[in-house]
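A.B. asks: predicted model and sequence follow; I will ask about them next.
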Amino acid sequence: MIAAIRGTQDILPGTIERWQFVEATACRVFEQYGYAEIRTPIIEREELFAKGTGETTDIVQKEMYAFTDKDGERIALRPEATPSLVRAFVEHSLEQAMAVPKIYTLGPMFRRERPQKGRYRQFHQLDVEVFGVKDPSVDGEVIDLAWTLIRELGITGVELAVNSVGCPVCRPSFAAALVAALGEDVQTLCGDCQRRAVANPLRIFDCKVPADQRVIDALPHTIDYLCDECRTHFEAVRRYLDVFGIPYTLSHRLVRGLDYYTRTTFEVLAGQIGAQNAVLGGGRYDGLVKQLGGPDRVGIGFAAGVERLVLALPDTLALPEKRPAVFIAAIGEPAREAALTLLRDLRRAGVNAQVEYEGRSLKSQMKRADRLKAPLVFILGEDELARGEVSVRRMATSSQESVPLSGAVEFVKTSQ
RNA sequence: GUGGGUAUAGCUCAGUGGCAGAGCGCCGGACUGUGGCUCCGGAAGUCGCGGGUUCGAACCCCGUUACCCACCCCA
């Protein structure tokens, strides 16, 4: 047997309904907020992510699926959507084409990590981006959109964390302050943290090693080192969140893993879905568009993990059951032909009607109808055929009546 | 890349050296053409794979692969 490759999975009937619910809800909410869907290729030039996601990130350094194409070009399977959306924004001058460049997309992403609960090599994201708006009110709108999505999905027990990581002006001084505050204590931290202290001090805040927490808790906070502009911006973002009535926690440890984030960062964390508890994360990336060769335009957005949202959906979520309106059981060859004609007519009238394909016994056909949860069964045998009627059985009550064959379609439609 | 756990029927799992099992599901039957409940019968297995020990291995030993969970990191 050839099995699906590691970290990929088939989403089967019984589960796919929850995916459809998540995707349909997301599209509805995004459209309501005025975002337009776009779809971009799954493969891109490797360079796009090296420059966009960041040469120093783990995603690019060790998790990206990349290969050399037959003409020698380096191709990558996208590990995230933002660089692709920025590329499309620039390539098609969407700022000219759209009244407001507010876009969303959804689809598979690829990262070569060891799979675990809520993390796969092919995973799926919902992704929202806004380009060219500096005003903090758009930070507020994007976070409100994220929060509304979570609420519309019925997901509870989540926490919204918000922070500001500053900009290229103020971040270096904060990083320096971090290292200075650590001082000799660096020696007492875990190996990962010691490496981070040199490579990217902000990431020390990601550490989960219990022994390190006392030292980390005492470290300075990003928001105390913001430059005037960043501080004013962040204060305004927080005011908007208050205006929108969105409950959030200020998390000075929310620094996020991608190089391009500036100023506002945020994350929605859910319990009960495993160790990978971030269902949604995003922030502002004011330098990215220019860095990718576009005009000097700011940007902000977020990505939500579909697998994680599906895990976080309430157990009580009741999705409408898919069932045929009527099942047609036929006995004997002449009746089978009449049944197929009736089947065609029902379907042309927009009715979900099913039949048994193999010529089985009536008993088997009834069993099939029951299993499909069809509320009505049309029984067509020699007797019915001779009278130009069908017997209609209501499965719930086991009651049975006769209906003229010519009125069968109408009968189903009126009893739906 | 690292650590731990698991691997037996379609699914969930029992089975600690002596004939491969259960529940659910599936197929058929219980007075000619009637579902669910009950009863009877049936199909279905390379016990993950490869070696080793043994008269004999699903079971013990070695190796290997896959999956799950966790670390790193991230959605």
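C.D. replies: Nice, I can see it.
A.B. asks: in stretch A:48-68, what's buried?
C.D. replies: A:48-54, A:57, A:59-60, A:64-66 (16 or more other CB atoms under 10 Å). Where C-beta positions appear, they are placed from N, C-alpha and C, glycine not excepted.
A.B. asks: over to stretch A:391-403?
C.D. replies: A:391, A:392, A:393, A:403.
A.B. asks: is RNA strand B contacted by that stretch?
C.D. replies: Yes: counting by CB under 7 Å from any atom of the strand, RNA strand B is contacted by stretch A:391-403 at A:391, A:393, A:395, A:396, A:397, A:398, A:400.
A.B. asks: pretty sure residue A:123 contacts residue A:307?
C.D. replies: Yes: counting by CB atoms under 8 Å, residue A:123 does reach residue A:307; the two are 5.5 Å apart.
A.B. asks: contacts only, for residue A:301.
C.D. replies: Shown in contact with residue A:301 (CB atoms under 8 Å, 6 or more residues apart in numbering): A:82, A:85, A:127, A:128, A:129, A:130, A:142, A:282, A:285.
A.B. asks: tell me the secondary structure for the fourth one?
C.D. replies: Okay, so that is residue A:128. Using DSSP: H, G, I helix; E, B strand; the rest coil, the structure places residue A:128 in strand.
A.B. asks: beta partners of it?
C.D. replies: residue A:104, residue A:302 (DSSP bridges).
A.B. asks: sec struct for residue A:162, please.
C.D. replies: Under the three-state scheme (three-state DSSP), residue A:162 adopts strand.
A.B. asks: list the contacts for it?
C.D. replies: Shown in contact with residue A:162 (CB under 8 Å, 6+ apart): A:143, A:237, A:238, A:241, A:248, A:249, A:250, A:251, A:254, A:264, A:265, A:266.
A.B. asks: now those: which count as buried?
C.D. replies: Neighbour-count burial (16+ other CB under 10 Å) applied to these gives A:143, A:237, A:238, A:241, A:248, A:251, A:254, A:264, A:265, A:266.
A.B. asks: which stretch of helix or strand covers the third one?
C.D. replies: Spelled out, that is residue A:238. Per DSSP states H and E: residue A:238 is located in helix A:228-244.
A.B. asks: what helices and strands are in contact with that helix?
C.D. replies: Secondary-structure packing of helix A:228-244 (3 or more CB pairs under 8 Å, 6 or more residues apart in numbering; DSSP states H and E): helix A:136-152, strand A:158-164, strand A:262-270.
A.B. asks: show me what counts as buried in the next helix-or-strand element following the second one.
C.D. replies: When you say that, I think you mean strand A:158-164. Using DSSP H and E, the helix or strand that follows strand A:158-164 in sequence is helix A:171-182. By 16+ other CB under 10 Å, the buried positions in helix A:171-182 come out as A:171, A:174, A:175, A:177, A:178, A:182.
A.B. asks: on that earlier part again, quick one: which of the buried residues of stretch A:48-68 is nearest residue A:157?
C.D. replies: Distance to residue A:157 across the buried residues of stretch A:48-68 (CB to CB) is lowest for residue A:59, with 28.3 Å.
A.B. asks: roughly how far apart are the residue nearest to the spatial centre of chain A and residue A:329?
C.D. replies: For chain A, the residue nearest the mean C-alpha position is residue A:306 (3.1 Å; CA atoms, centre = their mean). Residue A:306 is 40 Å from residue A:329, where distance means CB to CB, to the nearest Å.
A.B. asks: residue A:149 too?
C.D. replies: For residue A:149 relative to residue A:329 (CB to CB), the value is 45 Å.
A.B. asks: repeat for residue A:238
C.D. replies: Separation of residue A:238 from residue A:329 (CB to CB) stands at 65 Å.
A.B. asks: which ones are touching residue A:227?
C.D. replies: By CB under 8 Å, 6+ apart, residue A:227 lies in contact with A:166, A:167, A:169, A:170.
A.B. asks: ok, and the most crowded of these?
C.D. replies: Neighbour counts for these (other CB atoms under 10 Å) peak at residue A:166, which has 25 neighbours.
A.B. asks: kindly report the residues of the stretch 1-150 of chain A close to RNA strand B.
C.D. replies: By the rule CB under 7 Å from any atom of the strand, the part of the stretch 1-150 of chain A lying against RNA strand B is A:3-7, A:9, A:57-59, A:63, A:80, A:111, A:113-120, A:123, A:125.
A.B. asks: filter those residues down to the buried ones and hand me the ChimeraX line.
C.D. replies: Buried residues among these (16+ other CB under 10 Å), as a ChimeraX selection:
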select /A:7,57,59,80,111,113,118,119,120,123,125
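A.B. asks: now for the contacts of residue A:301, which pair is the farthest apart?
C.D. replies: Pairwise distances across the contacts of residue A:301 peak at 13.6 Å for A:85 and A:142 (criterion: CB to CB).
A.B. asks: quick check: buried residues in the helix or strand bottoming out on mean pLDDT in chain A?
C.D. replies: Least confident helix or strand, chain A: helix A:191-199 with a mean of 76, by mean pLDDT, DSSP states H and E. Neighbour counts over helix A:191-199 (16+ other CB under 10 Å) mark A:193, A:196, A:197 as buried.
A.B. asks: for it, which helices and strands make contact with it?
C.D. replies: Right, helix A:191-199 is packed against no helix or strand by 3+ CB pairs under 8 Å, 6+ apart.
A.B. asks: what's next to that helix, contact-wise?
C.D. replies: A:56, A:179, A:182, A:186, A:187, A:189, A:203, A:204, A:206, A:207, A:209, A:212.
A.B. asks: appreciated, that's everything.
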